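1. A structural model of the following input is requested.
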Amino acid sequence: MASKLRFAAVVAAMSVACGDSPTAPDPTINDLRRAPLTVTIDGTGVGLQTSLWRNLMPSVPPSGSPLLATIRLSGAVTSASIDYLWVLFGDETWAVTPERLAGTSDWIARGGPQWTPGSRVDVVARVRTNDRRTQLVRAADQVIEAAY
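-> As a prediction, this is how the structure comes out:
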């Protein structure tokens with residue numbers, strides 16, 4: 001009886017650690033660069049809208065604030081969310097879990113690198129549908145803006 005309980009405890013612990021399904025490997029930078037510009041969710045073509053900002057106003061530290069990214073899925077898609085974000089600048093990558101802004105369709109990521117305003121980057125989001133499927137979608141050649 002004790003060995004059956006131990007076995008059940010081990011199986012339960014492994015199930016919790018694994019979640020609903022095995023974890024997919026992280027995409028490589030080449031996978032991210034090849035992500036499509038639109039994906040289909042519930043029969044609707046969906047793209048990624050981005051806003052990338054750094055605060056360089058005199059009231060912040062001399063080097064300015066870290067990069068802030070606000071992202072949104074285009075279209076009125078309510079059956080999906082953004083659960084991970086990558087910003088690609090040359091060979092550099094900022095990878096972050098964005099948080100949803102309450103009461104909006106926007107996600108925000110704070111604390112990014114201090115890349116130069118005017119730099120062009122690619123932004124890739126992992127979109128998760130309500131049935132837990134994931135897809136990557138990319139917004140290419142986005143400009144980092146600044147407030148002075």
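2. and residue 135, how many neighbours?
-> When neighbours are counted by other C-beta atoms under 10 Å, residue 135 registers 16. For every residue, glycine as well, the C-beta is placed using N, CA and C.
3. what residues are up against it?
-> 39, 41, 126-127, 129 (C-beta atoms under 8 Å, 6 or more residues apart in numbering).
4. Out of these, which is nearest to residue 84?
-> residue 126 (4.2 Å; C-beta to C-beta).
5. wait, the closest one sits on residue 80?
-> No: Residue 126 lies out of contact with residue 80 (C-beta atoms under 8 Å); the separation is 10.4 Å.
6. With neighbour numbers in mind, choose between the two.
-> Using other C-beta under 10 Å as the criterion, residue 126 and residue 80 rank with residue 80 on top: 23 against 20.
7. Distance of the more buried one relative to residue 97?
-> As for residue 80, its distance to residue 97 is 16 Å (criterion: C-beta to C-beta, to the nearest Å).
8. Check residue 65 too.
-> Counting by C-beta to C-beta, the gap from residue 65 to residue 97 is 19 Å.
9. So for the two, which sits in the more crowded spot?
-> Comparing residue 65 with residue 97 by other C-beta under 10 Å, the one with more neighbours is residue 65, at 18 against 11.
10. Helix, strand or coil: sort out the more buried one for me.
-> When classified by DSSP: H, G, I helix; E, B strand; the rest coil, residue 65 comes out as coil.
11. Give me the contacts around the helix or strand containing residue 94.
-> Element membership for residue 94, per DSSP states H and E: strand 92-96. Under the criterion C-beta under 8 Å, 6+ apart, residues 29, 32, 67, 69, 84-87, 109, 111-113, 115 lie in contact with strand 92-96.
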